[in-house]
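> what's the 3D shape of this:
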Amino acid sequence: MLLWHMTRDEFLVRDFFIHWLYPVCYESTAFAVRQEDLRPYLLTLGRRGGVTEHVWSESTFHRVATGLLRMAEDFGFLEGEVLKCFTSYELPERSFSYIVRLMYEAGGSRKTVIASKEWRMFLMRPSDVEQKLSRLKLGKVEAECATIT
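Next comes the predicted model:
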């Protein structure tokens, strides 16, 4: 839940999880990453709305990349020292239910909740979300959420 709320205000963190970590984890053949692997991603931040006060130095690239990977490690997505390996991560049921409720409160429907790119922050595909909804029998949560809209 902390990651969800933190990314409401933190462009870089949200963008990193959605546009870098998720694709690297699911759409490439990478099993591990290093901070140097983030450089091409960090160079494209401006294309997605990221704004920096000045051109970053090499040490800034290094600090930002290291910090982002450390954050992914803190949230349980990666492990390791220099070479960070992907872990098997599953969003806890309570957190999942909470986020589903927030999405419904924001005017979402079952279809938009399942398709939301926000789930990428938790390394979840739409099929994972749908499966988890079914498995957890969140019909009760969905019914409660439907009364909100």
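> pLDDT weak spots in the protein?
Across the chain, the ranges flagged by pLDDT under 70 are 137-149.
> how does it divide into domains?
Per automatic domain parsing, the structural domains of the chain span 2-86, 93-146.
> in this structure, which residue is closest to the centre?
Centre of the chain computed as the mean C-alpha position; nearest residue by C-alpha atoms, centre = their mean is residue 121, 1.1 Å away.
> got a list of what it touches?
The neighbourhood of residue 121, defined by C-beta atoms under 8 Å, 6 or more residues apart in numbering, consists of 3-4, 7, 14, 17-18, 22. Every residue, glycine included, has its C-beta placed from N, CA and C.
> residue ranges of the strands in this structure, please?
32-33, 78-79, 84-86 (DSSP state E).
> The first one pairs with which strands?
Yep, that's strand 32-33 we're talking about. Strand 32-33 sits in its sheet next to strand 84-86 (antiparallel), going by DSSP bridges.
> Would you mind measuring from the nearest residue to residue 85 once chain neighbours are set aside to residue 38?
Closest residue to residue 85 apart from its sequence neighbours, by C-beta to C-beta, 6 or more residues apart in numbering: residue 32 at 4.5 Å. Noted for residue 32: a distance of 13 Å to residue 38, by C-beta to C-beta, to the nearest Å.
> can you check residue 131 too?
30 Å.
> and if you look at residue 55?
Counting by C-beta to C-beta, the gap from residue 55 to residue 38 is 17 Å.
> Which one of these two is surrounded by more residues?
Set side by side, residue 55 and residue 38 show more neighbours around residue 38, with 21 against 6, by other C-beta atoms under 10 Å.
> okay but that one is in contact with residue 62, surely?
No - assessed by C-beta atoms under 8 Å, residue 38 is found out of contact with residue 62, at 9.5 Å.
> show me where this structure has helices.
Assigned by DSSP state H, the chain shows helices spanning 2-6, 11-16, 22-26, 39-43, 58-74, 93-105, 110-115, 126-135, 139-146.
> Contacts for the third one, please.
By that I understand helix 22-26. For helix 22-26, contacts defined as C-beta under 8 Å, 6+ apart pick out 30, 33, 37, 77, 86, 120-121, 123, 125.
> re the thing from before, which stretch among the helices of the chain comes nearest residue 81?
helix 58-74 (9.9 Å; C-beta to C-beta).
> If anything else comes up later, I'll come back, but that's it for now.
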